Structures are given as C-alpha cells and as structure tokens.
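Chemist: would you be able to build a 3D model of this:
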Amino acid sequence: FFRRMVALLDGLRENPVKGALVAIGTCSAAAVGYWLYTARRRHRQLQKVLETIDEAHSRDPSTDEFTGKPQELVYAENMTKWLYELNPDPSPVLQIACRSQHLERWLHPRDAYPKNREGYLTWRLEAKKAHTKRATEILTAGGLGDLADRVNYVMMKKGLGEDPESQTMEDAACLVFLEDHATKFVTSFEGDVPALINIFQKTWGKMSEAGHGLALGLNLPPEVSEVVAKALGTA
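Modeler: Reported below is the predicted structural model:
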C-alpha cells in the first residue's frame, strides 16, 4: 500500500494531470473494494443473525400439527414467505423483524394472564417487549446492533399506515393469520358471528391494498371465507 502511495506521489510530480487521473482511479478502486468487503461481511452477519433467530424458534416445545416442526419456526417461515410476496427485495431490517415476530413467545404464554380483554392486551404488549429485547440481544451479539432500534420499531409496528416497512410487517402477519390460524380462531368463537365480523373488519383495516390483493387470493375454508365475506360486505 505504501509503495503504491509513493508511486502515486511520484506520478503527480512528474505529470500532474496523468498522476491525478491515476490517483482518482486508484482511490475509486479502493473505495469499491472496501464497499464490497463491507457488503459481504454484513451479508454474512445477516445470515448468522437469521440462523440464530431460527435456532431460538427451534426450541419451541410445541409442534405444528401439519409439519411436525416447532410451531414458532413454522410461523417465522410463513412470515418470511409472505414478506417476499409483498416485497421481493426486503431490507435486512425487514427480514429480521419478520423473522422475529414471535421470537421465543412460548416463554410468555397467554394462559399466564387473565382471560379477559385487559389480560389479552397486557399479554400482547409484554410479549412484544420480550420479542424486541431478545432480537436486540441477538443483533448485538451478531454484529448488527446498529440495526436494533429500527428492527424494534418495525417489530412494534410503529408508524402503521405511514412507515412502509411497518406496514409490510403488519400485512405479512395478517396474511399468516388468515391462511394458517383463522380456522381455529373462528371455531374458538363458537358461532359468535358479530364478534368475528368485528375482528376481521379490524384486521382488514390494518392491511394495505397490496395485502388486500394477496388476501383475496387465498383459498380459505368455507367457514372462514363466509365470515370474511360478511366482514367485507360481500356476502
């Protein structure tokens, strides 16, 4: 490196114009090389962080009834699936946030809170705080601590309707709910159609037009599609 710099200085003295052009080219090449090195390093760090998040999901003791895999790992995979349907080129922040949506949720079971609306809202808030805290720990350990604040912002879905990444996160979560969890959800309400309609209307209201388009393309079971149609006023 130093020999190269000395040669550049000699070139500047001998032929200032040519030397300047060579210097600019050398500096540009060095800048590109550094950028590529940094990009590769950040990509490796991102992949390692995502792997660590999946390792945490894999410790979920509950298993998915269709795949036999840990429930939260399946949920994370489905979040990522819908993320790429919504945004084929998501940022690292969005990739991490979607993958961390239910990070170690089994450590904070719903049954530990009162079975009423207040208990539900308290559980959701405490669970979100735990998810973001754990995500921050993984990001920091993986060398991507500089992304933690933004990841937490998106995970908490702040700026919904205004922030594109928070909106994509919400859309993905709603699509996973509709495709994979709505059937059990409808069954759990034991025929309370008005309550279900209200919930599905709120869900629909949080989604973007892109999310609506994907949701309308879902092949939902009759008991779910019937409630959705009533919620949308198309029944």
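Chemist: contact partners for the residue nearest the centre of the chain?
Modeler: Using C-alpha atoms, centre = their mean, the residue of the chain that lies closest to the mean C-alpha position is Cys98, 1.7 Å off. The neighbourhood of Cys98, defined by C-beta atoms under 8 Å, 6 or more residues apart in numbering, consists of 76, 79-80, 83, 90, 169, 172. The C-beta positions use only the backbone N, C-alpha and C, and glycine is treated the same way.
Chemist: could you do Tyr120 as well?
Modeler: Taking C-beta under 8 Å, 6+ apart, one finds 110, 113 in contact with Tyr120.
Chemist: quick check: it vs Ala112, distance?
Modeler: Distance, Tyr120 to Ala112, by C-beta to C-beta, to the nearest Å: 12 Å.
Chemist: ok, back up a step: can I get the helix or strand the residue nearest to the centre of the chain falls within in CSV, CA atoms only?
Modeler: Under the criterion of DSSP states H and E, Cys98 resides in helix 92-99. In CSV, the C-alpha atoms belonging to helix 92-99 read as follows (Å, rounded to 0.1, in the frame of the first residue of the first chain):
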residue,chain,number,x,y,z
PRO,A,92,-32.1,-6.6,6.3
VAL,A,93,-34.3,-4.7,8.9
LEU,A,94,-37.5,-6.1,7.4
GLN,A,95,-36.1,-9.6,7.1
ILE,A,96,-35.0,-9.7,10.7
ALA,A,97,-38.2,-8.1,12.0
CYS,A,98,-40.5,-10.5,10.2
ARG,A,99,-38.4,-13.5,11.3
